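In: Sequence unavailable; structure follows:
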């Protein structure tokens, strides 16, 4: 099948990854580099993204882009906003890049964010110059990707307080401290340990396992798991009218 791009519609993917060892919330970015006659014209980082093909839905494009970058599918993804300002791609470096790549100066992008574990991504043979950066220590960014990242991050902060999406960033078995570290990393705040532990253990969808940590130097902590089934049953919407 001949793949035909829609030249003025793209999808950009904000890929958040949590590193449980360094307790760091990271962002996966790709290198944007262009030189001509030994002169460097563009040298920065951007989000991974691509044009939408005519036969694809927006979700299809986002899934394809993530798979090409990481090899992963079935990750949590959320479409959160469209960015279509007339001047979003008009900085000098962006214009040079766009002319070289031959795409439309007035491109509207639909932004998604994905949640995954950094350890699930193997970047050794990556051809895009992809690298993880701590979310609060990002390199120079191209296009309007700084704004897209900021808005994705704000949405993530909000969502993680009302939906159980943080468990997409943790191993299947985790400690209470792991959950607290992750919340602190996302929200950039310190949380009272005793209060947090009590609240979390009381949630029916957090299941205590008959297992403890292995390979740790200190006293091994109890392991838990998140039950999506129990969560869904507790929070399913009931539209039946009682008569």
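Out: Looks like it came in fine. This structure is a prediction, so every number in the text was calculated from the model and none was measured. Numbers count the residues shown, from 1 in each chain.
In: same for the longest strand along the chain, what does it pack against?
Out: Among the elements of type strand in the chain, defined by DSSP state E, the one spanning the most residues is strand 5-19. For strand 5-19, the packing partners by 3 or more CB pairs under 8 Å, 6 or more residues apart in numbering; DSSP states H and E come out as strand 24-36, strand 48-53, helix 58-70, strand 108-117, helix 145-159. Placement of C-beta: from N, CA and C, glycine included.
In: Could you work out which of those reaches nearest to residue 227?
Out: Taking CB to CB as the criterion, residue 227 comes closest to strand 108-117 out of these, the separation being 18.3 Å.
In: So which residues make contact with that closest one?
Out: The contact list for strand 108-117, computed with CB atoms under 8 Å, 6 or more residues apart in numbering, reads 8-18, 20, 49, 58, 62, 66, 70, 72, 75-84, 88, 148, 151-152, 155-156, 165, 168-171.
In: if we can go back for a sec, please identify the deepest-packed of the helices and strands packed on strand 5-19.
Out: Among the helices and strands packed on strand 5-19, the stretch with the highest mean neighbour count (mean count of other CB atoms under 10 Å) is strand 108-117, at a mean of 22.
In: Low-confidence stretches in the chain?
Out: Across the chain, the ranges flagged by pLDDT under 70 are 1, 237-243.
In: Mind splitting the protein into its structural domains?
Out: 9-159, 170-235 (automatic domain parsing).
In: ends of the last one, how far apart?
Out: Read it as domain 170-235. 22 Å (CA to CA, to the nearest Å).
In: any idea how far it is from the chain center?
Out: Distance of domain 170-235 from the chain centroid (CA atoms, centre = their mean, to the nearest Å) equals 21 Å.
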